[in-house]
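Novice: pasting the sequence and the predicted coordinates here, then a few questions.
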Amino acid sequence: MTPAQSFFGWKVVTATFVLAIFGWGVGFYGPPVFLHAVVQRTGWSVALVSGAVTLHFLSGTVVVANLPRLYRRIGVANATVGGAVLLALGLAGWSLAQSPWQLYAGALLSGMGWVTLGAAAVNALIAPWFVRRRPAALGMAYNGASVGGIVFSPLWVLLIAQAGFAQAALWVGVVMVAVIVVLSRKVFAVTPQHLGQQPDGDLASAPAAQTKATQRRVDNLWRDRAFVTLAAGMALGLFAQIGLIAHLLSLLAPILGAQTAGIAMGLATAAAIAGRTLVGWLMPAGADRRKVACLAYAIQICGSLVLMLAAEHGWALWVGVLLFGSGIGNATSLPPLIAQTEFAREDAARVVPLIVALSQGAYAFAPAAFGLLRTALDGTGQSMVGFLTVAAVVQAAAILCFAAGRGAAAARFQDVPDAVVAAASHPAASIPDSNPPRGS
């Protein structure tokens, strides 16, 4: 790479950041707003429309689990564009449905589409370009998810109020597809091989000897302790996190008022961006990433415990929101980084979509499950304390899962020379995850 030829990987990070804004802004933060809009427009029950929200998230698990196969078949760029189109069509279904089956058909399409702009897709787009600096690159790209929430949550409400749900869905859908088409053709269709560049912008490939430690493949992921504990830890952590986030505003509103509670939610999002960025840039190259994940969840648990004091101490509410918010982003970005160090390149390409699919299938039920918990606790006088206690217990279970998997991956390299194992365990000496061929 000549001095005049800048490293294209940072353009990929910027483009993926924009993709994440649309992915989460429409596909993740949109459905709660859609629920309210559909109920208002149709008069259907909240339970019926809530079922569409659950279907939206569940249908995506099938697609995200098969993303590597989809990428191999039609290429990353085409798959990304196709997903954006499906999401836009699903938006139309949400906004125009005249009967429940049409609503559920729209939810099916939107769920299948948004995951091609979600967590597994972000990792797949970044992986070919970064190895040593992947924590920082992924952290920057995933911050688009938080920005998507900041931008789209109020934007959806404003557009629907001013122009109606159907018109808002049309505008957002058209802009989203147009942007994703441009990014896919100009950025996502490009690979390091096309430009003759190396991951991280290095001038030469990592020494061939260092690749030996990554050749031990996992025959059956479901019997592999590293995979099972990683998948379970991510699923449990996100289940607790999404369940709490879904109800946090309504829990804080009686204490702060609705407007100030909204500010507190914004503060949690800002803390998520800061927490993810700090971990991405400051995590030592040879750090045990499972330990980092355990620490992130431990800080969130502290946040939940501090929030229990919010009714009596005003400071506790804001400190609790900051502590809890600091781990929101890392719950999504750290598991793929753990997979990078614990699995062979070929295995990591299928591990990340699988753990994302499993966690999404779990957290699809989190808002309803925590809603039932709140109903059960109503009238006890300790509803907020009990609610936060359950969230903390589930997050503690996630910590136990991450901790239980420590050392499992190292067993695959027992008959590899120690010097090679040491080199391969250091991200600076790793080689990039294999990524399926990208079509234009």
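Specialist: That came through, no problem. Just so we're clear, the structure is a prediction, and the values are computed from it rather than from any experiment.

Novice: quick check: closest non-adjacent residue to F324.
Specialist: G303 (3.2 Å; Cβ to Cβ, 6 or more residues apart in numbering). (C-beta placed from N, C-alpha, C; glycine too.)

Novice: what helix or strand is that neighbour on?
Specialist: Applying DSSP states H and E as the criterion places G303 in helix 289-307.

Novice: which strands or helices does that helix pack on?
Specialist: Based on contacts counted as 3 or more Cβ pairs under 8 Å, 6 or more residues apart in numbering; DSSP states H and E, the elements that helix 289-307 packs against are helix 225-256, helix 258-282, helix 314-325, helix 330-342, helix 383-404.

Novice: what about the residue nearest to F324, neighbour count?
Specialist: The number of residues packed near G303 is 26, by other Cβ atoms under 10 Å.

Novice: cool, and A77?
Specialist: 23.

Novice: that one against A189, yeah?
Specialist: Yes: with contact defined as Cβ atoms under 8 Å, A77 reaches A189; the gap is 4.0 Å.

Novice: the stretch 101-250 of the chain: helices as residue ranges?
Specialist: 119-126, 134-163, 165-183, 192-195, 225-256 (DSSP state H, counting those that start in this stretch).

Novice: now V174. Nearest residue, chain neighbours left out?
Specialist: For V174, the spatially nearest residue (Cβ to Cβ, 6+ apart) is A88, at 7.3 Å.

Novice: contacting residues for that neighbour?
Specialist: G113, G173, V174, M176, V177 (Cβ atoms under 8 Å, 6 or more residues apart in numbering).

Novice: and the helix or strand where it lies, what's its mean pLDDT?
Specialist: A88 belongs to helix 76-96 when assigned by DSSP H and E. In this model, helix 76-96 has an average pLDDT of 95.

Novice: check which residues of it are buried.
Specialist: 76-95 (16 or more other Cβ atoms under 10 Å).

Novice: and if you look at stretch 309-326?
Specialist: Buried, per 16+ other Cβ under 10 Å, within stretch 309-326: A310, A316, L317, W318, V319, G320, V321, L322, L323, F324, G325, S326.

Novice: who's in contact with it?
Specialist: Against stretch 309-326 from outside (Cβ under 8 Å, 6+ apart): 244, 252, 255-256, 264-265, 267-272, 274-275, 296, 299-300, 302-308, 384.

Novice: again, 7 Å this time
Specialist: Stretch 309-326 is contacted from outside by 252, 255, 264, 267-269, 271-272, 274-275, 299-300, 302-304, 306-307, using Cβ atoms under 7 Å, 6 or more residues apart in numbering.

Novice: repeat that for stretch 300-308.
Specialist: Here stretch 300-308 has contacts from 316-317, 319-320, 323-324, 327, 385, 388, 391-392, 395-396, using Cβ under 7 Å, 6+ apart.

Novice: among those, name the least confidently predicted one.
Specialist: V385 (86).

Novice: and the closest residue to it other than its chain neighbours, what pLDDT?
Specialist: By the measure of Cβ to Cβ, 6+ apart, the closest residue to V385 outside its immediate chain neighbours is M308, 5.0 Å from it. For M308, the pLDDT comes out at 90.

Novice: burial check on M308, number of neighbours?
Specialist: 19.

Novice: what are the phi and psi angles of it?
Specialist: Per-residue torsions, M308: phi -60, psi -20 (degrees, to the nearest 10).

Novice: ok, L103 touching A97?
Specialist: Yes: using Cβ atoms under 7 Å, L103 is in contact with A97, at 3.8 Å.

Novice: which of the two has more neighbours?
Specialist: L103 (24 against 21).

Novice: now do the contacts for the more buried one.
Specialist: V38, A52, G93, W94, A97 are the contacts of L103 under Cβ under 7 Å, 6+ apart.

Novice: how much space between the last one and R41?
Specialist: Using Cβ to Cβ, to the nearest Å, one obtains 9 Å as the distance from A97 to R41.

Novice: any idea of the pLDDT on T380?
Specialist: So T380 comes in at 63 (pLDDT).

Novice: report the buried residues of stretch 152-161.
Specialist: F152, S153, L155, W156, L159, I160.

Novice: my error: substitute stretch 193-202 in the last question.
Specialist: Buried-residue list, stretch 193-202, by 16+ other Cβ under 10 Å: Q197, Q198, P199, D200, G201.

Novice: and that stretch, how far out from the chain middle?
Specialist: 26 Å (Cα atoms, centre = their mean, to the nearest Å).

Novice: ditto for stretch 87-107
Specialist: With Cα atoms, centre = their mean, you get 24 Å for stretch 87-107.

Novice: ends of that stretch, how far apart?
Specialist: 9 Å (Cα to Cα, to the nearest Å).

Novice: can you check stretch 93-101 too?
Specialist: Length of stretch 93-101, first residue to last, Cα to Cα: 10 Å.

Novice: where's A366 relative to G237, distance?
Specialist: Distance of A366 to G237, computed by Cβ to Cβ: 11 Å.

Novice: tell me which of those two has more neighbours.
Specialist: Comparing A366 with G237 by other Cβ under 10 Å, the one with more neighbours is G237, at 30 against 23.
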